[in-house]
Every structure is written in structure tokens, then in C-alpha cells.
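Engineer: need a 3D model of the sequence below.
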Amino acid sequence: MMLDLGPFSGEGFDPKKWVNSACQSRHPQESVDNHLVDLEMKLQMMSEEIAASLEEQSAAALLRVPRATRDVIRLRDDAVSLRSAVAGILQKLKKAEGSSAESIAALAKVDTVKQRMEAAYETLQDAAGLTQLSSTVEDVFASGDLPRAAETLANMRHCLSAVGEVAEFANVRKQLEVLEDRLDSMVQPRLTDALSSRKVDVAQNLRGILIRIGRFKSLELHYTKVHLKPIKQLWEDFDSKQRASRSEVERLSISNDFQSSSLTISFSSWLPSFYDELLLYLEQEWKWCMVAFPEDYKTLVPKLLTEIMATIGAGFISRINLATGVVVPETKALSKGILDILSGDMPKGIKIQRKHLEALIELHNVTQTFARNIQHLFSDSDVRVLMDTLKAVYHPYDSFKQKYGQTERAILSSEIAAVDLRGAVTRGVGAQGIELSETVRRMEESIPQIIILLEAAVERCINFTGGSEADELILALDDIMLQYISTLQETLKSLRIVCGVDQSSDGVSSKEMGMEKKDGNQTARKVDLISNEEEWSIVQGALQILTVSDCLTSRSSVFEATLRATLARLSTTLSLSVFGSSVDQSPSHVGNNGNGELSVGGRAALDVAAVRLVDVPEKARKLFNLLNQSKDPRFHALPLASQRVAAFADTVNELVYEVLISKVRQRLSDVSRLPIWSSVEEQSAFPLPSFSAYPQVYVTSVGEYLLTLPQQLEPLAEGISNNDANNDEAQFFATEWMFKVAEGATALYMEQLRGIHYITDRGAQQLSADIEYLSNVLSALSMPIPPILATFHTCLSTPRDQLKELVKSDSGNQLDLPTANLVCKMRRVSLE
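Structural biologist: Predicted structure coming up:
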């Protein structure tokens, strides 16, 4: 058995534990004594081996100590001698430095003089050369050798820069500028011919001439001028085709009275073909310039497109504006578009419609496709150049995007105003329930319609602006939701009149119109008529309003969550495209990597939103702050609308409660003034049996209403259960409303009881029976009996002569003392 020496080196070594462990590892058939003897022998042998090893290593170490000491002494002597040598060298260097400093200073002065003399010599040479060049330059121009003339002018420019501002050469400077302009004008016709005839060698030579005299801008301007003319002809082709089509339509209408709208050419159908021809032209120029101007093609062709868009920009905006108006007959007849409507330059009644914006987005999509093709074509260009080019391509839409929020708000406002929430006009008694249910149905159906409109607006914003106008969209959506909820609130106000909760304009509520008091019997008959035939339908309609509130709350919260997710997604894409890889960078640097180049993220994200935001850093910063906030779970995309939705839910709950409690309020309105409370039992000459009092009609009517209420709540609870797949929630909903109405009914009843001034024994007996009936109803609804109502029942059911003793003996244990004192006062019982 081999011994493991590892445990022996541990700080917490326990001999007993080690021996026990060694005994447990023995073979089962081996005796403990033999095992311990063997273990002891092995430990002794191992100890002897360790002792021998230590003795051997100690002897070897003692032999090495003298040798190591000698080596240390030798190293110390070497270090001392080296330090002495270094000190000697430093002393020699200090002496040499002191003696040579003056010599070096003198040499430096001599070198400066030499350099100045050489510069003066070269300047004199340049002055002499400038004089000679100015005298021979006319001969060079007369020879017609343009490269030699360019070289001469370049040498003159160099000599002038060497001479500096010397009065004697002021005329030469002016002469040089005139000669450069002259050479430029001589190059232009040849450059025009070379560009038009695709002469690569000639164009390269002429480019070299212009570069030699520092006139590269002249090359750009002339290149753009040559190619701008055919592009403008392409653009003006639309007007000529429109004139031709109008003439053809007029000719046909005069000859056969034939309406041929198919002959008219729309801008939206013509624009793709224009972009295709323009793209083909630019592709050809790109390929030719790669050969002719390999050093300049990456800026020349994009510059051409930028100048093209600047030239046709005003006309482009006008055509876009008119094209958006063509889709709606009213604006088409007036030849007006979105910008005209937004500026107010339109007859009253003509409003912006969704079709206008959809036509604008369709045109923008065509331009966006062209922009992607341009980005692919100019992919070798510097991203700064590419960004400027794309800005020029999208520039005609900037004025529309600046007014996007106003446009979207106007469209949504008109669409929401078109939603009809009223079911019908107010009819006579017996028809309120019909109007109520129809109005509630329309309210409920309008909510998903409105959400669809808002979702469509979000989609339009992404399609048209790429999210750059998300901040304006949020404000518009919030305002529109407020407008819609205000409409719902106004509808609720009218429904309060229909339900008889509020008064109409003549000061009489809808129910009171059918319940004018002429006499008691007629009033009772009308109340019963409304209760049986109409009130339950009104109750059902009012309960359905709860589904409107629930639907509005859930759908608006889901829409807001979706909107928040959209904003968070925009935050990621826009932070990459506008700010590059670092969100702390200024938008004006658009992903600059520090070398003047744009980052790969910036190059890949040159989308429509980045192009729009790059020149408006303040707007970009505000938008990015908004998008950053959207990542917070507590962020409300529609803060004002969220508050109004909650307020609307509270208003609905208030209305429903008022409707449900209204019948109870009617039945209990005159309880405190019933004559039976002060009636006295008539004396009879004959002995008659005494009968227990029965509950009166008013309380049985309330009780039956409360007992029927769960059945009325059941359909609504089932609807909630089907929608949310949560039976417990539906049951809780029904129970909550049932308890709420029962508590309200009990509170109204107790308020009436407190209004009774005097009650006889017969009245107390009758009221006790009424209270007992209501208490039984509350118990059937699993509702606890309020202590005040229980006190009324106890004190009224107690004989008058025992009431004083009851109140004093209770001392507030079971009875509500203020209520007990009030009953004693009603029954004329003195507690003193």
C-alpha cells in the first residue's frame, strides 16, 4: 500500500481522523492488528527516508554557501569599478559640452545666414524667370499649344508665390488671372466636344490642363453644364406629353363627345420611367468617367445628379403637390394639392384626405427605389458625397415632411369626425332603450375602427419618413385620441339624459317626462309601466357601456404598447444611421470614425430618416431623446390620452351605477314621508285577531330588483369571460357590481329612515317588517347587514315600553348608539 503524504502537509491535519480513514480503507478479510502493524512499519520507513533526504540536501547546501559568498564579493567589486568608470565619462562629457556650446551657436548663426542667402538667390531667379515668362506668355498663347500655355501659367503662379506681395509684380498678378480665364475659355469648347463625342484621351488632356492651372471647379461646372441639357429635356417631356394628351382629349370630345381619361398622363405613372431613364444615363456616365476621369468620377457624377435635382427642384415640388390633388375630384378640379390645403388657400369645406397622403407616399416610394439604386451605383463614392446626393434626391419631399404632423392630424381628425356614434334621435317614452343599445353598439364598434386608423397612421409615418417625424406623429396621435375620447364623453352625456340620470334642456329628465305626479295611482301605474317595459332594457344598455370602457382601455393599452415597441425599434435603427456606433456623437458628424470617413454602420444606414435628420441636429437630438425614453417600461407614448381613457372609465362606471341605482332611488324617494309611520291602530268594538305586518310595495319592489340584478349582470359577465378566458374575473366583476348597487340601496334606505320624525307603534311594526325583508334580501345576496340597519330593526321591533331598558343595557355592544337614540326620539321614548 502506497502512502499519500499530501494530508500530512495540511495545516488542519488530524492524526486520529487519518488513522481512522486508513483503517476504513483496509481489505475486509485483513485483521485490524495486521493492518495497523503494516501501516506503522510503512510510516517508520517513510520517516527514515525523509530524514536521510533532508540530511543529504543540508550537506549539499552547506558546501554551496562558500562558493556563493565568493561570487557575491566579486560582483560587488565589479559594480564599484563600473560606477567609477561611468563617473569619469560623465565628467569628460560635461567638460566637452561647456567648450562646444559656443561653437555650435556660432555654426547655427552661419547656417541661418546661408539659408537666407539661398532663399534670396532663388527669389531673384524666380523674379527673373517671372519677368521672362510674362514677356513670352503671349507668344505661347499665339502658338495654340494649350499644355505649354498651362505649364507657363503654372510656373508664373509659382514664381509669384515665391516673390510674394511685391509692388513691381502687381500687374503680373492681374495679368495671370486674365490669362488663366483666357486659357479656361479656350479649353471649354474643346472640352464640350470631347465630352459630347466621348473622346477619352482629349478629355483627359484637357482635364490635366485645368488641373495644372487650379481650375478643377471649372471642370465640374462644365461637365455638369454639358449633361444638364439632355436631362432637362427628359424632365420637360412630361409637360409636352400632357399638352399633347389634353389636345387629343379636346379633339376627341369635340368630334364624338368621347371622354377619354385614359389619354391623360399622370405624374405618378410617368415618374418611374423618368427615374429609369435618368438612372440609365447616370450608369453610362459612371462607366465612361471611370475611364476618362479615374481620379474624379466618384465626385463628378454624383455632383451632376445633385445639380440636376437642384435645377428641377421647384418644378418637382409643384408636380408632386398637383399629383397629390389629382386623386380627389374636388382638388383635381381646382388644380390644388396638399400644400395648398395646408396653407388654407382653398374654398371652405375642402379638407385633406387620406387619398392625398397615400398618393404622396406612392410617389415617395418611387423616389425611394431610385435612391436605393443610386446608392448602389455610387457605392464607391465617399459617404459624404453619397449623403449630399441622397439629400438632393429626397429634397422635393422636405416641405411635405416638415408639415407631416399637421397633415396626419388633419386626416385623422376628419376620419374620426366621420364616425357616427349616435344610434338615433331621442324618441318618446318607451324608445329610450332602443336608442341606448344602438348607440352603445356603435360606440363599441368604433373603438377597433379608431385603433385601425391610428395603426395606419403609424405605418404611413414609417413608410413616408422612415421614423424621422415620429415625434410629430406622437403629438398628433395623442391629440386625435383626446378628440375621440371627447366625442365619447359627449355621447355619454347624451346617454345620461336618455337613461334618465340627468335632465334634458327643458329641465325635466327623460323618465320624469313620463312620471309627472298628478295623483298617486297614476304615478304608480306609470312607474310600473316604465319599470316593466323599458327600464330593464335601459339597464342592459347601460351595462353594455362597461364593455365599451373595457374595450377602450384594453385596445388603447395594446396600441400604446405596440407604439412603444415601434419607437424602441426606431431608436436602434436611427441611433446607428444618425449617430453611428457611438450614441454620444453629434448628429452633424454622422458616424465619423475619426479619419474623415463614415463608419460602416453609417454607410449601411443611409436611409430616408438619416438623410432627413443629418442637417437638423437639434431635431435629431430631441427625437433620439424621445426614442430613448420609449425603452423605459414606465414610458407613456400617449400620456394625455392614457389619462383621458382612465377618466372615461371612471365616467362610465359612474353612469352605470347611476342607472342601476336609479330605480332604487325612485322607490325610496318618499319613504320618510309615508303616512303609515304616524298612523294609529283603529279601535274596534269587537275583538279581532292580530296579524303580523307584511313588507310594503316599495321595499318588495327594491328587493325584487336587487334579486333580479345578478341575472342582468350574467350576460355581461359571460361576455367578459369569453373575451378574457377568465371565469374568476367575470364572477368577480358581477359580484362587485351587485355589492356596489346593494350597498348604495342600503345607504339610500338608511338615509330615508333617518328622515322619519315621528313613528307610532303600528308604524314601527310595519317598518320593522320592511327592514327585515330588506335584510333577508341582503343575506340572500351574501352581503353583510350594516350595523345601523340592524339597530333600526332591533329598536323598531322592540315594544316601546322595553326600548329604554334595551338601549341602556346594551351600552353599544350590539347596537349603534346614535341610531338607537334616533329611534328613541322617533318613538318619543325618553332615555333620562
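
Engineer: from here on, just use CA atoms for contacts and neighbour counts.
Structural biologist: Fine.

Engineer: what is the burial count for R243?
Structural biologist: R243 has 14 neighbouring residues, counting by other Cα atoms under 10 Å.

Engineer: what's around the nearest residue to I756 once chain neighbours are set aside, how many residues?
Structural biologist: Once flanking residues are discounted, I756 sits nearest to S672: 4.9 Å by Cα to Cα, 6 or more residues apart in numbering. By other Cα under 10 Å, 18 other residues sit near S672.

Engineer: ok, V498 to I538 distance?
Structural biologist: Computed with Cα to Cα, to the nearest Å, the distance linking V498 and I538 is 9 Å.

Engineer: cool, A314 as well?
Structural biologist: 62 Å.

Engineer: which of these two has more neighbours?
Structural biologist: With other Cα under 10 Å as the criterion, A314 and I538 differ in neighbour count, and I538 comes out ahead with 24 against 12.

Engineer: coming back round to it: report the contact partners of the residue nearest to I756.
Structural biologist: Contact criterion Cα atoms under 8 Å, 6 or more residues apart in numbering gives 752-756 as the residues in contact with S672.

Engineer: in space, what's closest to the spatially most central residue of the chain - neighbours in sequence excluded?
Structural biologist: For the chain, the residue whose C-alpha lies nearest the mean C-alpha position (Cα atoms, centre = their mean) is L567; its distance is 3.1 Å. Nearest residue to L567 in three dimensions, chain neighbours excluded: L627, at 5.6 Å (Cα to Cα, 6+ apart).

Engineer: in three-state terms, label that neighbour for me.
Structural biologist: Counting by DSSP: H, G, I helix; E, B strand; the rest coil, the backbone at L627 sits in helix.

Engineer: so what's it up against?
Structural biologist: 567-568, 570-571.

Engineer: okay if I get these as CSV plus pLDDT, secondary structure and distance to C551?
Structural biologist: As requested, the contacts of L627 are arranged in CSV below (pLDDT from 0 to 100; DSSP: H, G, I helix; E, B strand; the rest coil; distance: Cα to Cα, whole Å):
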residue, pLDDT, secondary structure, distance to C551
L567, 90, helix, 24
A568, 88, helix, 26
L570, 86, helix, 28
S571, 84, helix, 30
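
Engineer: which one of those is nearest to P695?
Structural biologist: Ranking these by separation from P695, with Cα to Cα as the measure, puts L567 on top at 64.2 Å.

Engineer: which residues touch that closest one?
Structural biologist: Shown in contact with L567 (Cα under 8 Å, 6+ apart): 470, 627, 630.

Engineer: give me the low-pLDDT residue ranges for the stretch 651-800 of the chain?
Structural biologist: Residues of the stretch 651-800 of the chain meeting the criterion pLDDT under 70: 681-692, 717-730.

Engineer: show me where it has helices.
Structural biologist: Counting by DSSP state H, counting those that start in this stretch, one finds helices in the stretch 651-800 of the chain at the ranges 697-724, 727-754, 761-780, 787-797, 800-810.

Engineer: just so I know, which of those helices lies nearest K663?
Structural biologist: It is, among these and with distance given as Cα to Cα, helix 697-724, at 7.8 Å.

Engineer: need the helix or strand of this structure with the lowest average pLDDT.
Structural biologist: Of all regular secondary-structure elements in the chain, judged by mean pLDDT, DSSP states H and E, the least confident is helix 520-530 with a mean of 40.

Engineer: ok so, going back, neighbour count added to the contacts of S672, as TSV?
Structural biologist: Below are those laid out as TSV (neighbours: other Cα atoms under 10 Å):
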residue	neighbour count
Q752	16
L753	20
R754	14
G755	13
I756	17
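
Engineer: which of these sits closest to E362?
Structural biologist: Minimum distance to E362 across the contacts of S672 is 69.2 Å, recorded for Q752 (Cα to Cα).

Engineer: is it true that that closest one touches L668?
Structural biologist: Yes - taking contacts as Cα atoms under 8 Å, Q752 lies within contact range of L668: 7.2 Å.

Engineer: gap between D33 and G349?
Structural biologist: According to Cα to Cα, D33 and G349 sit 117 Å apart.

Engineer: how about W286?
Structural biologist: Separation of W286 from G349 (Cα to Cα): 51 Å.

Engineer: got it, and F792?
Structural biologist: Plainly put, F792 is 67 Å away from G349 if you go by Cα to Cα.

Engineer: what about these two, which has more around it?
Structural biologist: F792 (24 against 6).

Engineer: residues contacting the more buried one?
Structural biologist: With contacts defined as Cα under 8 Å, 6+ apart, F792 is in contact with 768, 771, 819-820, 823.

Engineer: which of the residues you listed ranks first by neighbour count?
Structural biologist: V823 (26 neighbours).

Engineer: need the contact partners of the helix or strand where N365 lies.
Structural biologist: Assigned by DSSP states H and E, N365 belongs to helix 354-377. Counting by Cα under 8 Å, 6+ apart, the neighbours of helix 354-377 from elsewhere in the structure are 268, 271-272, 275-276, 279, 283, 320, 323-325, 327-328, 337-338, 386, 390, 393-394, 397, 407, 411, 460, 463-464, 608.

Engineer: buried stuff in it?
Structural biologist: For helix 354-377, the neighbour count (16 or more other Cα atoms under 10 Å) marks 354, 356-357, 359-361, 363-364, 367-368, 370-371, 374-375 as buried.

Engineer: now do the helices in the stretch 1-150 of the chain.
Structural biologist: Going by DSSP H, counting those that start in this stretch, the stretch 1-150 of the chain shows helices at 15-24, 32-143, 146-163.

Engineer: so which elements touch the shortest one?
Structural biologist: In other words, helix 15-24. Contacts of helix 15-24 with other secondary structure elements, assessed using 3 or more Cα pairs under 8 Å, 6 or more residues apart in numbering; DSSP states H and E, are made with helix 32-143.

Engineer: for the helix it packs on, what is the average pLDDT?
Structural biologist: Model confidence over helix 32-143 averages 76 on the pLDDT scale.

Engineer: what's the answer for stretch 613-632, then?
Structural biologist: If you average the pLDDT over stretch 613-632, you get 86.

Engineer: buried sites along that stretch?
Structural biologist: When burial is assessed from 16+ other Cα under 10 Å, stretch 613-632 yields the following buried residues: 613-614, 617, 619-621, 623-624, 626-630.

Engineer: swap in stretch 17-30?
Structural biologist: For stretch 17-30, the buried set under the neighbour-count rule, 16+ other Cα under 10 Å, comprises C23.

Engineer: and what of stretch 279-291?
Structural biologist: Along stretch 279-291, these residues count as buried under the neighbour rule (16+ other Cα under 10 Å): 279, 282-283, 285-286, 288-289.

Engineer: now those as TSV including secondary structure, pLDDT and distance to Q44?
Structural biologist: Listed next are the buried residues of stretch 279-291 as TSV, based on DSSP: H, G, I helix; E, B strand; the rest coil; pLDDT from 0 to 100; distance: Cα to Cα, whole Å:
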residue	secondary structure	pLDDT	distance to Q44
L279	helix	94	98
L282	helix	93	98
E283	helix	94	96
E285	helix	90	99
W286	helix	93	95
W288	helix	91	98
C289	helix	90	97
